[in-house]
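Student: Predicted model and sequence follow; I will ask about them next.
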There are 2 protein chains.
Amino acid sequence: MNDTFLKACRGEQTDYTPIWMMRQAGRYLPEYQKVRSNVTFLELCKKPELCVEVTLQPIDLLGLDAAILFSDILILMEAMGAPLEFHDGKGPIFAETIKCQADLDKLIVPNPDETIGFVMETIRLLRNELKVPLIGFAGAPFTCATYLIEGGSSKVFWETKKMMFTNPTLFHNLMAKITDATILYLDAQARAGAQALQLFDSWAGILAPVDFETFALPYVQKIFSALQKYDIPLIYFANNGATLLDLSVTSGADVIGLDWRINIRDAIKKVGKKAVQGNIDPFALLLPKDELRARIGRLLNAAKDAHGHIFNLGHGIHQFTPPDQAKIAVDAVHELSSK
Amino acid sequence: MNDTFLKACRGEQTDYTPIWMMRQAGRYLPEYQKVRSNVTFLELCKKPELCVEVTLQPIDLLGLDAAILFSDILILMEAMGAPLEFHDGKGPIFAETIKCQADLDKLIVPNPDETIGFVMETIRLLRNELKVPLIGFAGAPFTCATYLIEGGSSKVFWETKKMMFTNPTLFHNLMAKITDATILYLDAQARAGAQALQLFDSWAGILAPVDFETFALPYVQKIFSALQKYDIPLIYFANNGATLLDLSVTSGADVIGLDWRINIRDAIKKVGKKAVQGNIDPFALLLPKDELRARIGRLLNAAKDAHGHIFNLGHGIHQFTPPDQAKIAVDAVHELSSK
């Protein structure tokens, strides 16, 4: 069992810097594309055997130090009663959006073992196969709320902010319900065997710090507080969250994820006695080999004062990234960080 | 002549905090919509009399302290030879993108007085009408380059970064050519009577600090250096640029624009002896009157140690903003900041 990832999360000494990549099980791999060619994305998410297969693919191919459950943050929203569709090239779509309390009242707080047991089944199956730790995850409430309010992805999040600023009661009610569902969901993942849990706050970065503190952070804190009893690393990743770091360190997470926009040295100063995860620009994987290795070396050096560093990309690996380039990055992290 | 804006740009004492709003001449105003109903967006940009009309509309309606030339950052790209189209709801489109040196060689560095003299004519006409200072502007080279490379707006800027990381020579050549054209363009705007000049770097925020320093900042510095001779305030606005502030202060700008993601107090510490412009979330204009005024009061207080503060939104005013709410904000800034 390679527990380098878990040690780094806890700020313990490791022989080398562990690495995994957000969206490491995904479209850039021909092996994933092959599986995906026979099923829709949502079908794939709901078939444990296939989820296991694609979760495992990058571990051996690239030599990564952690696996992350293959799933989608919106699976939970569907289980809450929001009808979810994925259209290729368009991303997720919720045909019915939350506009008033009556809309919200239609959503339920599901028992995850009953409604989305396939996720927990995937976790159990993976634990039998894996020689590296398994990360479970959910979307952070703010990010999930934006999808339910906007009906999908958004450029400017007008409807979300309109609700925040003109109907804060409804907004907080929605956040509270998603939070309750997320706690049950991550609790079930931990019981099924997840060895770390990450909250993805993909859209927190659209918020001014004052609004993040009011409308998003309290719900993240509540979730992490409820999960402390499992004594497994909790990771919070607020994409585009450089200006939210002072607040994110109060979230209750053990590890703070960083996107690529911030110099990791500056981030470590703000994060203090917590581990950091990140933060190379995913597109920098395109650099010629020598330059990619040099950039990774500089990043490792900049992170040497971290209280634990898990190497990762600052965002998900892009679908057009050559897998060979990802392999160069993994090898470089392992070699250049070896004591 | 109300010169409060110019004084604040120079860090001089003012009787109150001046305010203008990015995209203040625009779609949220019924008066603008009326003008626009008879012409396309590009036609409007090229008719000085209409540009004057829409530039003036918000000044009187809202009581703003500065006017900004109505135009578009991509007008210069079209003058360089890139065929520009605007489609309602889709944003700008360049059918021919820059993929190789031969594509770049087709672009010219135009004489702005000959090719886009309508901009300078608009400036001359506006100076006859205005009782507040007139801001001229251009797109920063990096932002303009993304449009030429991607062929329009982009979510992830894959093509731009691919060129940066795999063909840096071509990328730098493109940036150099846009820079040369921008210097001539802003020089012409200054000669025509622009009393301040702003560079909009709408997409700089997609860059890691190290890449901003290598691929974008040197060209901003070159432009501002060439404009120093006019002794008018130079403003640099890097959207989503909180983690670039340490570098942006070296751009040669007198005023640093801030989006809404950063606490203005933190920004002022980094900016030091330069004025700041910003930074309320444009969507916070939706707040109920009392809350909007309270938020503005807190922001003014947080900015009281600035070496000059021009109140602005952190991004352009959104098209669905009620003009009455914008007026509440302008009045609040004037009242709450009055000595």
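Tutor: Yep, it's here.
Student: For the stretch 51-200 of chain A, which segments are assigned as strands?
Tutor: Along the stretch 51-200 of chain A, the segments classed as strands by DSSP state E, counting those that start in this stretch run A:67-68, A:84-87, A:91-94, A:134-139, A:196-201.
Student: Sheet partners, orientation included, of the last one?
Tutor: When sheet partners are counted by DSSP bridges, strand A:196-201 sits next to strand A:134-139 (parallel), strand A:234-238 (parallel).
Student: Determine which stretch of those strands is the most buried.
Tutor: Using mean count of other C-beta atoms under 10 Å in any protein chain shown, the stretch among those with the largest mean neighbour count is strand A:234-238, at a mean of 27. Just so you know, the C-beta spots here come from the backbone N, C-alpha and C atoms, and that holds for glycine as well.
Student: what about that strand, average pLDDT?
Tutor: Within the predicted structure, the mean pLDDT of strand A:234-238 is 98.
Student: Pull the residues that contact that strand.
Tutor: By C-beta atoms under 8 Å, 6 or more residues apart in numbering or on different chains, the list of residues contacting strand A:234-238 from outside reads A:9, A:22, A:135, A:140, A:196-201, A:204-205, A:212, A:220, A:224, A:227-228, A:244, A:248, A:251-259, A:277.
Student: Name only those of the residues you listed that count as buried.
Tutor: Neighbour-count burial (16 or more other C-beta atoms under 10 Å in any protein chain shown) applied to the contacts of strand A:234-238 gives A:9, A:22, A:135, A:140, A:196-201, A:204-205, A:212, A:220, A:224, A:227, A:244, A:248, A:251-259, A:277.
Student: Redo the strands of the stretch 51-200 of chain A as JSON lines? Include mean pLDDT.
Tutor: Below are the strands of the stretch 51-200 of chain A laid out as JSON lines (pLDDT from 0 to 100):
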{"stretch": "strand A:67-68", "mean pLDDT": "98"}
{"stretch": "strand A:84-87", "mean pLDDT": "90"}
{"stretch": "strand A:91-94", "mean pLDDT": "92"}
{"stretch": "strand A:134-139", "mean pLDDT": "98"}
{"stretch": "strand A:196-201", "mean pLDDT": "98"}
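Student: The helix or strand bottoming out on mean pLDDT in chain A pairs with which strands, parallel or anti?
Tutor: When the helices and strands of chain A are compared on mean pLDDT, DSSP states H and E, strand A:84-87 comes out lowest with a mean of 90. Partners of strand A:84-87 in the sheet, by DSSP bridges, are strand A:91-94 (antiparallel).
Student: Buried residues in the partner strand, which are they?
Tutor: If you call a residue buried by 16+ other C-beta under 10 Å, then strand A:91-94 has these buried ones: A:92, A:94.
Student: and it, how far from the chain's centre?
Tutor: Relative to its parent chain, strand A:91-94 has a centroid offset of 18 Å by C-alpha atoms, centre = their mean, to the nearest Å.
Student: List the residues that contact the residue of the stretch 51-200 of chain A found nearest chain B.
Tutor: Nearest to chain B in the stretch 51-200 of chain A, going by C-beta to the nearest C-beta, is A:K161, at a distance of 3.9 Å. A:K161 is in contact with A:206, B:281, B:283-284, B:286, counting by C-beta under 8 Å, 6+ apart.
Student: Which ChimeraX command selects the buried ones in those residues?
Tutor: Restricted to buried positions by 16+ other C-beta under 10 Å, the ChimeraX selection for the contacts of A:K161 reads:
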select /A:206 /B:281,283,284,286
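Student: JSON lines for the contacts of A:K161, including secondary structure, distance to A:T40 and pLDDT?
Tutor: Shown next, in JSON lines, are the contacts of A:K161 (DSSP: H, G, I helix; E, B strand; the rest coil; distance: C-beta to C-beta, whole Å; pLDDT from 0 to 100):
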{"residue": "A:I206", "secondary structure": "helix", "distance to A:T40": "29", "pLDDT": "98"}
{"residue": "B:D281", "secondary structure": "coil", "distance to A:T40": "37", "pLDDT": "98"}
{"residue": "B:F283", "secondary structure": "helix", "distance to A:T40": "35", "pLDDT": "98"}
{"residue": "B:A284", "secondary structure": "helix", "distance to A:T40": "40", "pLDDT": "98"}
{"residue": "B:L286", "secondary structure": "helix", "distance to A:T40": "38", "pLDDT": "98"}
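Student: Closest to B:S337 out of the contacts of A:K161?
Tutor: Comparing these against B:S337 with C-beta to C-beta places B:A284 closest, at 17.2 Å.
Student: hang on, the closest one packs against A:F165?
Tutor: Yes: judged on C-beta atoms under 8 Å, B:A284 makes contact with A:F165 at a distance of 6.2 Å.
Student: Would you mind naming what in chain A lies close to chain B?
Tutor: Residues of chain A lying close to chain B by C-beta under 8 Å from any C-beta of the partner chain are A:156-158, A:161-162, A:165-166, A:205-211, A:240, A:242-243, A:260-263, A:266, A:281, A:283-284, A:286-288, A:314, A:318, A:320.
Student: Of those residues, grab the buried ones for PyMOL.
Tutor: Restricted to buried positions by 16+ other C-beta under 10 Å, the PyMOL selection for the residues of chain A next to chain B reads:
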select buried, chain A and resi 157+158+161+162+165+205+206+207+208+209+210+211+240+242+243+260+261+262+263+266+281+283+284+286+287+314+318
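Student: Next, check the residues of chain A next to chain B against the helices and list the overlap.
Tutor: Among these, the members found in helices (DSSP state H) are A:158, A:161-162, A:165-166, A:209-211, A:266.
Student: Find the pair from those residues with maximum spatial separation.
Tutor: The largest separation in these, counting by C-beta to C-beta, is between A:T166 and A:D266 at 35.7 Å.
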